[in-house]
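Enquirer: Dropping a prediction and its sequence here:
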Amino acid sequence: MAKTTTFGAVNTALAQGAAAAYKDYSTDSFNKANQAITKLFEAKQSKEKAEKEKIQNSIQASIAEIGDVDISKTPPEQRDAQFAALNDIRGNVANLENQKYELINKYGFSPNSKEVLDIVNQISQSKQQFGMISKDAETFQAMRQEFIDNGGQYSKGVPIEVQDKLDKLFAKNGQYTTEIINGRQVYKTEDGTVITNEDLQKGYFLKDSKMATYVMDGVDKIYSKGSSGKDFTSTDEMVLGQSIKNEILAGGAERVASMLHDDIFGMNVDLFTDAETAAIEALPFEDQVNQITNKLIGHYKNVYNDGKEAYNSKQSLEGEGDVEIYESFGDVGKIPVAGGYHFKWDGDRYIKVDAGGDTVQPVIEITNARDANRFFKNIKFKS
């Protein structure tokens, strides 16, 4: 039997105790180290999560900048195409934003690098694209409403074939389909005709009823000035000219076009002949405005002179009873005028005819008592 000494037993006990103590120490250190690593990992995860959320929020904010379909400014028949375009653009912007952040965060590109800035430029162009689509729809709706409000009266400067196209687009129910091509609205009529917004705006203008009203109000005022015996001074002429020019400019190119082609005075008499119109259309826009302004001033001067002549005649005839007064417009069937002509009552207006009774060309007609009282010297209508 082997003999165990006291010294050997003590060494064995010390070794076992040391091993147990080391084991306890190692386990504790490992646990602490593991906890530290876990905390670092969790902190990293939390940071990455916060960064991802920040990027996603930034992408969502970028997409939100595109806007939405404004149905109040978009014709009903164009809304589906606009919603589809909006979804495509939103998806494109989201993809581009992700590419941008991938270049910066994954590959270390600077936010000011050419590669990143190229993507930023593409994002901006996509957003602008939807803005143009929305603007196209808003412009179209405003033009159609103006067409409806104006009773569908095109200016005589719009060719018949263009009027036919516009009629199909501006019809109440919209006899056309629409789609987005290269970021712009395109219209297709039932016969297959394709019309762009550029085509629409180049060929579109209505008879400018607002300017016609302005002109006729001016005629009334200037005639009243003359018929009351007041002077029309050079200062009056300068102020009038500036007022006319401002009013023309307020209507833009469409107003100029209407004034060159249409009967502004409401008496079937154009402001310019065809030859004059063609010559003026060849001029720069500012010169066109000046030509129209000068023409109107000349007309207003003639109207003033007519009023002044009526005033002078009234003064000379006062007390002589040479002016015939009628109760209502149309009470006299035939009104003689110079040159052997006369104005014949035609049921609702007076029309100028020759000695044989044939209508004079171009047709000159008077449709209300106000114009008749201004035109005829010795005949007046109360209403």
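Expert: Perfect, thanks for sending it. Small disclaimer: the values here were computed from a predicted structure and weren't measured.
Enquirer: where do the strands sit along the stretch 101-250 of the chain?
Expert: 176-181, 184-189, 194-196 (DSSP state E, counting those that start in this stretch).
Enquirer: Make a markdown table out of these and add distance to residue 121 and mean pLDDT.
Expert: Using the backbone N, CA and C atoms, a C-beta is placed for each residue, glycine as well. A markdown table is the format used below for the strands of the stretch 101-250 of the chain (distance: least, Cβ to Cβ, whole Å; pLDDT from 0 to 100):
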| stretch | distance to residue 121 | mean pLDDT |
| --- | --- | --- |
| strand 176-181 | 21 | 84 |
| strand 184-189 | 19 | 85 |
| strand 194-196 | 25 | 84 |
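Enquirer: what's the most buried one of the ones you listed?
Expert: Ranked by mean neighbour count, the strands of the stretch 101-250 of the chain are led by strand 184-189 with a mean of 19 (mean count of other Cβ atoms under 10 Å).
Enquirer: Next, the angle strand 176-181 makes with that one.
Expert: Orientation check (axes from the mean of the first three to the mean of the last three Cα atoms, to 10 degrees): strand 184-189 against strand 176-181 gives 150 degrees.
Enquirer: Restricting the selection to alpha carbons, write strand 184-189 to CSV.
Expert: Written as CSV, here are the backbone C-alpha positions of strand 184-189 (Å, rounded to 0.1, in the frame of the first residue of the first chain):
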residue,chain,number,x,y,z
ARG,A,184,-45.4,66.1,-70.3
GLN,A,185,-49.1,65.7,-70.9
VAL,A,186,-50.1,64.6,-74.4
TYR,A,187,-53.7,64.5,-75.7
LYS,A,188,-55.1,62.1,-78.3
THR,A,189,-58.5,62.8,-79.9
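Enquirer: need the strands of the stretch 101-250 of the chain in a markdown table with distance to residue 345, can you?
Expert: Listed next are the strands of the stretch 101-250 of the chain as a markdown table, based on distance: least, Cβ to Cβ, whole Å:
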| stretch | distance to residue 345 |
| --- | --- |
| strand 176-181 | 46 |
| strand 184-189 | 45 |
| strand 194-196 | 46 |
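Enquirer: Looking at these, which is nearest to residue 299?
Expert: Residue 299 sits nearest to strand 194-196 of all those, at 37.1 Å, using Cβ to Cβ.
Enquirer: and the closest one, which strands flank it?
Expert: In the sheet, strand 194-196 lines up against strand 184-189 (antiparallel) (DSSP bridges).
Enquirer: tell me what the helix or strand hosting residue 80 is packed against?
Expert: Residue 80 belongs to helix 79-105 when assigned by DSSP states H and E. On a contact count with 3 or more Cβ pairs under 8 Å, 6 or more residues apart in numbering; DSSP states H and E, helix 79-105 meets helix 6-64, helix 114-149, strand 176-181.
Enquirer: Relative to residue 223, which of the ones you listed is closest?
Expert: So among the helices and strands packed on helix 79-105, helix 114-149 is nearest, using Cβ to Cβ, at 28.9 Å.
Enquirer: Now the closest one: buried residues?
Expert: 116, 119, 122-123, 126-127, 129-130, 133-134, 136-137, 140-141, 143-144, 147 (16 or more other Cβ atoms under 10 Å).
Enquirer: next one: stretch 255-273
Expert: Applying 16+ other Cβ under 10 Å to stretch 255-273 flags 255-262, 264-267, 270-272 as buried.
Enquirer: which residues are contacting stretch 156-170?
Expert: 140, 143-144, 147-148, 152, 154, 175-176, 187, 189-190, 193, 195, 200, 203-205, 207, 257-258, 260-262 (Cβ atoms under 8 Å, 6 or more residues apart in numbering).
Enquirer: Please read the previous query as pertaining to stretch 89-109.
Expert: With Cβ under 8 Å, 6+ apart, stretch 89-109 has contacts from 51, 55, 58-59, 62-63, 66, 110-111, 113, 115-116, 119-120, 122-123, 126-127, 129-130.
Enquirer: Equivalent analysis for stretch 297-310, please.
Expert: 218-219, 222-229, 232, 237, 240-241, 244, 271, 374, 377.
Enquirer: Buried subset of these, written for PyMOL?
Expert: Those of the contacts of stretch 297-310 that count as buried under 16+ other Cβ under 10 Å are selected in PyMOL with:
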select buried, resi 218+219+222+223+225+226+227+232+240+241+244+271+374+377
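Enquirer: returning to what we had before: which one of the buried residues of stretch 255-273 sits closest to residue 212?
Expert: For those, the nearest to residue 212 is residue 264 (5.1 Å; Cβ to Cβ).
Enquirer: Alright, that wraps it up for me.
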